[in-house]
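What follows is a predicted protein model with its sequence.
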Amino acid sequence: MNEREKLLELRKKTGMNRREFCQYFNIPYRTVQDWELGSRKMPGYLLELMEFKADAVNLKKEKKNSTKTGIPSNDSGKDKEN
């Protein structure tokens, strides 16, 4: 699997669209677009860092009860100030 395919897989696992993904990792939209389309080659070390960050903050959609920042959401439906 090449960097392009790995990047697409990482973005799909995070559940983000391209714009959200770019904003989260602070990478210009056109740069990610070029990487995904294969018109530019992504540095391998950068992909490794992005995967590390995604794992470190639980960005990957394996855990359903967390937000994109990795902080568990409180979806109990009850207000604490009743």
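It's in. The shown structure was predicted, so the numbers you read here are calculated from the model rather than taken from an experiment. Residues are numbered from 1 along each chain as shown.

got a pLDDT number for residue 34?
According to the prediction, residue 34 has pLDDT 97.

Then residue 62?
57.

Show me which residues of the helix or strand harbouring residue 36 are buried.
Using DSSP states H and E, residue 36 sits within helix 29-37. Residues 32, 35, 36 are the ones in helix 29-37 that count as buried (16 or more other CB atoms under 10 Å). For the C-beta atoms, the positions are set from N, CA and C on the backbone; glycine is no exception.

What ranges does this structure have for its helices?
For the chain, the helices defined by DSSP state H cover 3-14, 18-25, 29-37, 44-56.

Which other helices and strands does the last one contact?
For helix 44-56, the contact count by 3 or more CB pairs under 8 Å, 6 or more residues apart in numbering; DSSP states H and E identifies helix 3-14 as packing neighbours.

residues of the helix it packs on that come out buried?
3, 4, 6, 7, 10, 11, 14.

Residues in contact with it: which ones?
Residues outside helix 3-14 that contact it (CB atoms under 8 Å, 6 or more residues apart in numbering): 1, 18, 21, 24, 32, 35-36, 38, 41-42, 44, 47, 50-51, 54, 59-62, 68.

can you do 10 Å?
With contact meaning CB atoms under 10 Å, 6 or more residues apart in numbering, helix 3-14 is reached by 1, 16-18, 20-22, 24-25, 32, 34-44, 46-48, 50-51, 54-55, 59-62, 68.
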